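>>> let's see this in three dimensions:
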Amino acid sequence: MSSFKMLTTFAVFCLYSLLIPPISASPPPADSYWKVSPPIDVNDRLYAGQPQLPATHKLIYNASQVGRTYAHHTMLRAVGNTVYLIHSTAAVDEDQQSEETWTSVSNDGGETWSETRVLLPQALLPNQTSPEDYIYWCERKVWQRAIAPDSIVEVDGEVYGVGQTAVFMCPDGKNNFRKGAGRIARVIDRYGRPSGGACWVTKNNWTDEVQFDKTVYGQEWGMQWCKHAREIEAILDDPPEIPMDSDYLYNNDFFAIDGKHEMEEVTHGLWIKDRSVRPYGGYWQRFWRDGSDEDLFTGRVWVEYAYDKLGRDWYPKKPESHKIYETNIPDRGSKQYLGRLGNGDRYLVHNPRYNASCFSQCDREPLVVSMSRGSDLSYRSAGVVRTNASSHKIPGMSKNPGFSYPSAVEVDGRLLVGYSENKENIWLTLVDVDNLPGCD
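Okay, here's the model as predicted:
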């Protein structure tokens, strides 16, 4: 065979190999992920049968101390030794008019923190002089505009706190529907201070429908686009950066592969190296929360894979792909956080104790970190990050007791875990990586 024919044949073969779907038996069966010993004890309300990890706990924000009742949705990002934290807070209830995004920053790896400050303020209309509570606006069939933390990103040396809008209406005065009306961002300086005005990363028809232009975002900041809007959105489309929520997830039903179980609050994606997988030598893995109603709720984490290195074969770049499968990882029905340590080991921060007898009102305790180490993708060890939340709670709607909605980041040999207590206090726990479960 001539050299030209050999090169041509080789080129055709290479092209063909790129076109065929990846083939691999690498991803473990979905029902084989959870191998933690000792097993979860649902009757142990505080520890679920798992050991308490040695850790340091720091209170970042106490809602009652600033005349508010609600705080939740922590997000963390480290830029060198500087750690940025954002969280939601509201004067009265979850998902109502006064829900804002606040921020705090640490410049010593999480030991000390700046005072918490408003980053993305409440979005009231000029004639709405008081936030009231959720039911007040619901009964009057008035739009409610909430702004919850979505992500923290760095572009050209500037760090943005990004908020996802969630707008609510009760057409019959009782039952609500929710929509996403765009993403808003604002720069945070290294001392925890907002810099410049709030700006828009995305907008849609709901942005106009609910009159954001008549709130502070239009009246003070002119509904301006972020100068880095495209760069921010590109980052948030990247598998390891995809936030838990988006306009698309709020505005569309999103089901698992069975077409029955509704999925929500996706984790970041982790790239799993595997040379047997063509053409990129690996695949993406991420988890979803089961958001189904009680009659379908599984009490399990759900898993999804993608084989394109750029994430072009799953949401958000391919939202019609729903190849999401039920695992055997137990789940209370709460947001989880999936991450990777510097040594390559994987961790999942979550609430694995689920008692079917109480469904939505169960305690979110304990908050646990489970470990998957080395080439073994199953989770074989777990430890308690925090448990035994205060029994003294400020009254409010949907205030699940316990510690939940975690975010995490590794800094200087420690895992920093942010979360809320009783949906009203924001905490940070620092755990030495060497003290994480399953560390030999």
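
>>> so what's V92 up against?
The neighbours of V92, taking C-beta atoms under 8 Å, 6 or more residues apart in numbering as the test, are 69-70, 98, 131-134, 396. Where C-beta positions appear, they are placed from N, C-alpha and C, glycine not excepted.

>>> in helices, which of those residues appear?
Y134 (DSSP state H).

>>> buried ones among the contacts of V92?
Buried subset of the contacts of V92 (neighbour count, 16 or more other C-beta atoms under 10 Å): 69-70, 98, 131-134, 396.

>>> low-confidence stretches in the stretch 301-440 of the chain?
For the stretch 301-440 of the chain, the stretches flagged by pLDDT under 70 are 359-361, 440.

>>> if we can go back for a sec, ok, the contacts of V92 vs A229, which is closest?
S98 (26.2 Å; C-beta to C-beta).

>>> isn't the closest one up against A71?
No: using C-beta atoms under 8 Å, S98 makes no contact with A71, being 11.9 Å away.

>>> circling back to that earlier point, which of the buried ones among the contacts of V92 fall within strands?
Among the buried ones among the contacts of V92, DSSP state E puts Y70 in strands.

>>> for the stretch 201-350 of the chain, which segments count as helices?
205-209, 216-219, 229-236, 247-251 (DSSP state H, counting those that start in this stretch).

>>> wait, isn't G182 in contact with E209?
No: here G182 does not reach E209: they are 11.1 Å apart, not a contact under C-beta under 8 Å.

>>> compare the two (neighbour count), which wins?
Using other C-beta atoms under 10 Å as the criterion, G182 and E209 rank with G182 on top: 22 against 13.

>>> what's the spacing between the more buried one and G291?
22 Å (C-beta to C-beta, to the nearest Å).

>>> quick one, which of the helices of the stretch 201-350 of the chain gets closest to R332.
helix 247-251 (20.2 Å).

>>> so what does the closest one touch, helix or strand wise?
strand 158-169, strand 177-179 (3 or more C-beta pairs under 8 Å, 6 or more residues apart in numbering; DSSP states H and E).

>>> pull out the buried residues from the last one.
Same thing as strand 177-179. For strand 177-179, the neighbour count (16+ other C-beta under 10 Å) marks K179 as buried.

>>> tabulate the helices of the stretch 201-350 of the chain (a markdown table), appending distance to N62.
As requested, the helices of the stretch 201-350 of the chain are exported to a markdown table (distance: least, C-beta to C-beta, whole Å):
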| stretch | distance to N62 |
| --- | --- |
| helix 205-209 | 33 |
| helix 216-219 | 25 |
| helix 229-236 | 30 |
| helix 247-251 | 29 |
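
>>> output those in JSON lines; the columns should cover distance to T116 and mean pLDDT.
Compiled in JSON lines, the helices of the stretch 201-350 of the chain are given as follows (distance: least, C-beta to C-beta, whole Å; pLDDT from 0 to 100):
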{"stretch": "helix 205-209", "distance to T116": "27", "mean pLDDT": "98"}
{"stretch": "helix 216-219", "distance to T116": "19", "mean pLDDT": "98"}
{"stretch": "helix 229-236", "distance to T116": "23", "mean pLDDT": "98"}
{"stretch": "helix 247-251", "distance to T116": "26", "mean pLDDT": "97"}
